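# could you work out the structure for the sequence below:
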Amino acid sequence: MEQPIAMNTLSQILEKLRLKGRDNELKMTDHGKMQSKSLGKIYKPEDLTIVKTYRFEGDSDPADNSVLYLVEDQDKNIGYILDAYGIYSDNIGSGFDDFLKKIPTENRDEQELFC
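Next comes the predicted model:
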């Protein structure tokens, strides 16, 4: 049986998503919703479920700190929300954080997500 390759970096996880056709990035719109341009969809928090969260901390550069949220929509499409955190966040104000807090969470195994 083939052993899974450990994914330790943001670029490794994003590449794995790309190879599986699940590289659908969701970004916050000006209207307080998340949009996936690749899927052509706009989401409210209740339309999504966070299925896995990865946190990355730079060894020497705080600008490397980020969180990757893998999300699944009601049609079982997998996508991701990427956020640098702290002062390097692209998401100004509380709207982004408030949106994330409203998304239900399930912690799924990587093998289930990347098989």
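
# walking through this protein, point out its helices one by one.
Taking DSSP state H as the test, the helices found in the chain are 10-19, 95-102, 110-114.

# what would the ones you listed look like in a markdown table with distance to Phe56 and mean pLDDT?
Using the backbone N, CA and C atoms, a C-beta is placed for each residue, glycine as well. Shown next, in a markdown table, are the helices of the chain (distance: least, CB to CB, whole Å; pLDDT from 0 to 100):
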| stretch | distance to Phe56 | mean pLDDT |
| --- | --- | --- |
| helix 10-19 | 5 | 90 |
| helix 95-102 | 17 | 91 |
| helix 110-114 | 15 | 71 |
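
# TSV for the ones you listed, including mean neighbour count and distance to Leu26?
Formatted as TSV, the helices of the chain follow (neighbours: other CB atoms under 10 Å; distance: least, CB to CB, whole Å):
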stretch	mean neighbour count	distance to Leu26
helix 10-19	14	12
helix 95-102	15	10
helix 110-114	13	16
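
# what would these look like in a markdown table with distance to Thr29?
As requested, those are exported to a markdown table (distance: least, CB to CB, whole Å):
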| stretch | distance to Thr29 |
| --- | --- |
| helix 10-19 | 21 |
| helix 95-102 | 10 |
| helix 110-114 | 25 |
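
# so which of those helices comes closest to Asp30?
helix 95-102 (9.7 Å; CB to CB).

# okay, now His31: neighbour count?
8 (other CB atoms under 10 Å).

# need phi/psi at it.
phi -100, psi 10 (degrees, to the nearest 10).

# right, I'll leave it there.
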